[in-house]
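Asker: Show me how the following folds:
(2 chains, ligands or ions: 2)
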Amino acid sequence: MATIELVQVEKLFGEMHAVKPMDLTIHDGEFVVLLGPSGCGKTTTLRMISGLEAVTRGRILLNGRDVTWERPSERDIAFVFQFFALYSHMSARQNIAFPLQAQGEAKAVITQRVADVARLLRIEHLLDVRPGALSGGDQQRVALARALVRRPAAFLMDEPLGALDAEFRETMRAEIKRLHIDQHATTVYVTHDQIEAMAMGDRIVVMSAAEVQQVGTPAEVYHNPSSLFVARFIGSPGMNLIQGHYVNGVLHLPPSNRYTVPARWVPAIQQVVGGEGDVILGFRPEAAAVVSDGPLAAEVYAADLHGSYTMLHLSLGPDEIVHSRARRETHYPIGTPVRFDLNPEMVRFFDPQTERAIVREGVPA
Amino acid sequence: MFGLDIPLPEFWIAYFFVFWVLVGASTTPIIFRHRGQNPLLGALAGIVVGAIAGVIFLLLVVALEPVVDLLGQPMLGALISLIASAAITLALLGFARRFVPGAARDAAAGAAGGPRAPVTYSARVDKVDPNWQSMQSIRASVAVMLAALTLIPVIWMGMTAFKSYPDAVASPPKVAFDPTMEGIITLLTRRRQMTDAQKAEYEATEDLNWADKVMLKSGQAILGQSDYVKRLRNSLIIASTSTVLSVSLGLFSAYAFSRFPIPGKGDLLFFILSTRMLPPVVVTIPIFLMYRELGLYDTHIGLIALYTAFNLSFSVWLLKGFIDEIPKEYEEAALVDGYTRMQAFRRIVMPEAVTGIAATTVFCFIFAWNEYAFALMLTTDKARTAPPHIPSMIGTGLVEWAAIAAGSLFFLIPVVIVTFTLRKYLLRGVTFGAIRQG
Ligand SMILES: Nc1ncnc2c1ncn2[C@@H]1O[C@H](COP(=O)(O)OP(=O)(O)OP(=O)(O)O)[C@@H](O)[C@H]1O
Ligand SMILES: [Mg+2]
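Answerer: Ligands and ions are numbered 1, 2, ... in the order given. Next up is the predicted model:
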């Protein structure tokens, strides 16, 4: 078991920053998810931790030991690749046994451990099949078995579910989570699927354009996004963001709404914009409720039933649509004028200049 | 043959006749099975029908002759008459199928058609159709006959190797003959012609082995081993060493080119390829002079180095294609699992590239084995290989055709062995990197 520490780790490919200097501490037994859109440097970060990619600057510590310049084979870390990288000329059994052979384990030990891990992943009946003949899910299990069998200090998984269909992903997601709880092994998991990240991570590292945007528990990144990017990226749909003009405790929103800012936010906002200035209001769909005496006026733009709830699209102006999560039975014809209110506990504010969240005491960034 | 004036040589008469028997014997059982009859019976009937078809075909060729003569183009005329005769014969065969007893289809299957027996094997719908299967059989017969045609020279060579001198030079050529080992022994030994007196004395010696006795018949005494064995050994040493070298060097360089950021990679690869752009014969003279100065003339090392250099460009390019197809994650997985790069190369890359390695090996071996021009220029005796040696056996005076045929036959064997051992990889290998990524 291990803690992994990245200190100002940075990677340049030529002139291009694939990963800008990042600090990150992954605690023993923690399940950390690297989340971000395609090309933001997740895989590169993972490869640097494993030693497959040399860092440009910075240090990587494993259990406090500096491993920055140690070979991959010396780090005792297992890697699960996106497309599994199973050896096609070996049976599943040989694939799983392969890492143990490197350690020079005795035959009997190898047989025993392969059998154990095969039972754990329910692939005993597939051990003599070659990877080419296995379904995607079974290939995934064999790849996991090959990583697990070593009992490494840490697991690195690069979009291990990316190649599976939606239904199967959910099964495997639960399976991996379950394995993690049983084994309690330090795991760094890469995905670009925010639902997967929310469901699996003890902590999420949100990355964008080679930079770490925010590190936090799923609840933290969901409720207190540190930037506009995180606010939009997490949740489906993302956070509602409306630009308004702040004047002395009141936020003027399009077309002619006036939203009275909760008193406890006023000092923080005034510290950033002074008495008057542009501010972005953010709130999750479930923070907005249609009520007859609500302070904000809008028009129903569309309403879709999502099974257990109805998502209302409310139009505040030509380009300002906000989402509101309403009860299942709710039904409004398109074009109905409505009024809605926001839960004061769940509103957030952002500075349009810096795109960062405005922080007030009691609500961590 | 049938007392007819057939405008075809006898060989072609037999050839076409065999073809039609093959067609009859392979298609009729299909029809019989489809009609619910015993296919074995069908095979018998097929041979008879095929023979009849053969006769009809040949008669048609005769009948068409005057028509074709009008064209005034002998080759074209022959071709047209063959095609027309074949078409008519095929049509007659198709018509004859009506007389095979039995209902064509299950009543239950009705107008929808379909085979009598349920299809319990994997097949596309149209391939279940007996017409399609018959066509396939006919195509197979054509392929077999064409293959036979190309094999005839090789078979002839094999036969000549076992002929005595009079049989080998007999005209017209003999198909039936008394096999003898004379040619092979002549090839492998040096002999002395004996006078009758010497012969009697020689015969009296006790320790004559069977080879001595064979040669005694033509009055020759065996003195020792001939040069051919040495030449074949040289060929084996030089071809296999240079093959191993070019494939292994090629594998390492291909791997490096495929995986590492080498400065000037593109230029280097082009340079390697460019060594192929000149016909090798152009540089024989400079190489000859160079080799003489360097003391490489008539040495094994000289030829091995030369063949390796020629094959290397080919092997680097071919193998690079195969290694590019192996995802680099394969080795990376091995690296994080505790293997060194060299171990990963040996245990992962090599087995994954085995198809490419096999294909490259066969191509390199065949080149080195068959190479003639340089072997002729750069060797005299010590390192001379078989290709320049075999024609030199023709020499002056009496030409030992049997010995030459035997020499060529032995010369074929290593290539056949190498190609056959590696054949299961070749089919995928010659399609050049058709490995799918997993
Ligand atoms: N070996 C390399 N040489 C040059 N550029 C590279 C290399 N590997 C990655 N990059 C670039 O670095 C950036 C980050 O790549 P990385 O693979 O880490 O992204 P990612 O977050 O894993 O994306 P994805 O979700 O698509 O896998 C990309 O712009 C990529 O093109
Ligand atoms: Mg990636």
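Asker: Looking at the stretch 101-250 of chain A, what residue ends up closest to ligand 1?
Answerer: When scored by Cβ to the nearest ligand atom, the stretch 101-250 of chain A has residue A:192 as its residue closest to ligand 1, at 4.8 Å. (Each C-beta comes from the backbone N, C-alpha and C, glycine too.)
Asker: was I right about that residue contacting residue A:159?
Answerer: Yes - contact between residue A:192 and residue A:159 holds when scored by Cβ atoms under 8 Å: they sit 7.2 Å apart.
Asker: and residue B:144, what helix or strand is that in?
Answerer: Mapping residue B:144 onto the secondary structure by DSSP states H and E places it in helix B:130-161.
Asker: Against which helices or strands is the next helix or strand after that helix packed?
Answerer: Helices and strands here follow DSSP H and E; after helix B:130-161, the next one along the chain is helix B:165-169. Using 3 or more Cβ pairs under 8 Å, 6 or more residues apart in numbering or on different chains; DSSP states H and E as the contact criterion, the elements in contact with helix B:165-169 are helix B:401-421.
Asker: Which other helices and strands does the helix it packs on contact?
Answerer: Taking 3+ Cβ pairs under 8 Å, 6+ apart as contact, the helices and strands that helix B:401-421 lies on are helix B:130-161, helix B:165-169, helix B:182-188, helix B:227-259, helix B:354-370, helix B:386-392.
Asker: what helices or strands is the first one leaning on?
Answerer: In terms of contact count using 3+ Cβ pairs under 8 Å, 6+ apart, helix B:130-161 is assigned the packing partners helix B:10-34, helix B:182-188, helix B:401-421.
Asker: mind checking which of the ones you listed is nearest residue B:273?
Answerer: Ranking those by their distance to residue B:273 (criterion: Cβ to Cβ) puts helix B:401-421 first, at 25.3 Å.
Asker: Show me which residues of the closest one are buried.
Answerer: Buried residues in helix B:401-421, counting neighbours by 16 or more other Cβ atoms under 10 Å in any protein chain shown, are found at B:401-411, B:414, B:418.
Asker: Name the nearest residue to residue B:351, sequence neighbours excluded.
Answerer: The spatially closest residue to residue B:351, leaving aside those adjacent along the chain, is residue A:89, at 4.3 Å (Cβ to Cβ, 6 or more residues apart in numbering or on different chains).
Asker: Count the neighbours of that neighbour for me.
Answerer: When neighbours are counted by other Cβ atoms under 10 Å in any protein chain shown, residue A:89 registers 16.
Asker: Checking it next. Helix, strand or coil?
Answerer: Secondary structure state of residue A:89, per DSSP: H, G, I helix; E, B strand; the rest coil, is coil.
Asker: Please enumerate the strands of the stretch 1-150 of chain A.
Answerer: Here the stretch 1-150 of chain A has its strands, by DSSP state E, counting those that start in this stretch, at A:4-13, A:16-26, A:31-35, A:57-62, A:65-66, A:77-80.
Asker: The second one close to chain B?
Answerer: No - Strand A:16-26 stays out of contact with chain B when judged by Cβ under 8 Å from any Cβ of the partner chain, the minimum separation being 15.3 Å.
Asker: quick revisit: now the helix holding residue B:144, how far from the centre of its chain.
Answerer: 13 Å (Cα atoms, centre = their mean, to the nearest Å).
Asker: same question, stretch A:44-61
Answerer: Taking Cα atoms, centre = their mean, one finds stretch A:44-61 lying 20 Å from the centre of the chain it belongs to.
Asker: Straight-line length of it, end to end?
Answerer: 17 Å (Cα to Cα, to the nearest Å).
Asker: Any chance you could list what contacts it?
Answerer: Identification of contacts with stretch A:44-61 by Cβ atoms under 8 Å, 6 or more residues apart in numbering or on different chains yields A:3-12, A:18-19, A:21-22, A:34, A:66-72, A:74-75, A:77, A:79, A:156, A:158, A:188, A:190, A:207, B:332, B:335-336.
Asker: same check, this time on stretch B:405-424
Answerer: Counting by Cβ under 8 Å, 6+ apart, stretch B:405-424 makes contact with B:154, B:157-158, B:160-161, B:163, B:168, B:183-184, B:186-187, B:228, B:232, B:235-236, B:239, B:358-359, B:361-362, B:365-366, B:369, B:386-387, B:389-390, B:393, B:426, all of which sit outside it.
Asker: what do you get for stretch B:327-341?
Answerer: Contact with stretch B:327-341 is made by A:50-52, A:71-73, A:75, A:77-79, A:81, A:83, A:85, A:87, A:98-99, A:102-103, A:146, A:150, B:259, B:343-345, B:347-349, B:352, B:437, as judged by Cβ under 8 Å, 6+ apart.
Asker: Just the ones of those in helices?
Answerer: Mapping the contacts of stretch B:327-341 onto helices (DSSP state H) picks out A:50, A:98-99, A:102, A:146, B:259, B:343-344, B:352.
Asker: of those, list those near ligand 1.
Answerer: Among the ones in helices among the contacts of stretch B:327-341, no residue sits close to ligand 1 (Cβ under 6 Å from any ligand atom).
Asker: and residue 28, how many residues sit next to it?
Answerer: Looking at chain A here, since you left the chain open. When counting by other Cβ under 10 Å, one arrives at 14 neighbours for residue A:28.
Asker: I was after chain B.
Answerer: Residue B:28 - counted by other Cβ under 10 Å - has 28 other residues nearby.
Asker: From what I see, it and residue B:51 are in contact.
Answerer: No - judged on Cβ under 8 Å, residue B:28 makes no contact with residue B:51 at a distance of 11.8 Å.
Asker: so who does residue B:273 touch?
Answerer: With contact taken as Cβ under 8 Å, 6+ apart, residue B:273 is in contact with B:313, B:317.
Asker: Give me the distance between residue B:401 and residue B:223.
Answerer: Here the criterion is Cβ to Cβ, to the nearest Å. By it, residue B:401 lies 22 Å from residue B:223.
Asker: do residue A:64 as well
Answerer: Separation of residue A:64 from residue B:223 (Cβ to Cβ): 84 Å.
Asker: Same check on residue B:28?
Answerer: With distances defined as Cβ to Cβ, the gap from residue B:28 to residue B:223 amounts to 60 Å.
Asker: what packs against the lowest-mean-pLDDT helix or strand in chain A?
Answerer: When each helix and strand of chain A is scored by mean pLDDT, DSSP states H and E, helix A:166-183 comes last, with a mean of 84. Using 3+ Cβ pairs under 8 Å, 6+ apart as the contact criterion, the neighbours of helix A:166-183 among helices and strands are helix A:136-148, helix A:194-200.
Asker: Can you convert these into JSON lines and add a column each for mean pLDDT and distance to chain B?
Answerer: Written out in JSON lines, the entries for the helices and strands packed on helix A:166-183 read as follows (pLDDT from 0 to 100; distance: least, Cβ to the nearest Cβ, whole Å):
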{"stretch": "helix A:136-148", "mean pLDDT": "88", "distance to chain B": "8"}
{"stretch": "helix A:194-200", "mean pLDDT": "90", "distance to chain B": "21"}
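Asker: Could you pull up the contacting residues of residue 228?
Answerer: No chain was given, so I picked chain A. Taking Cβ under 8 Å, 6+ apart, we find residue A:228 in contact with A:241, A:280, A:350, A:355-356.
Asker: hmm, I had chain B in mind actually
Answerer: Each residue near residue B:228 by Cβ under 8 Å, 6+ apart is listed here: B:187-188, B:386, B:389, B:393, B:407, B:410.
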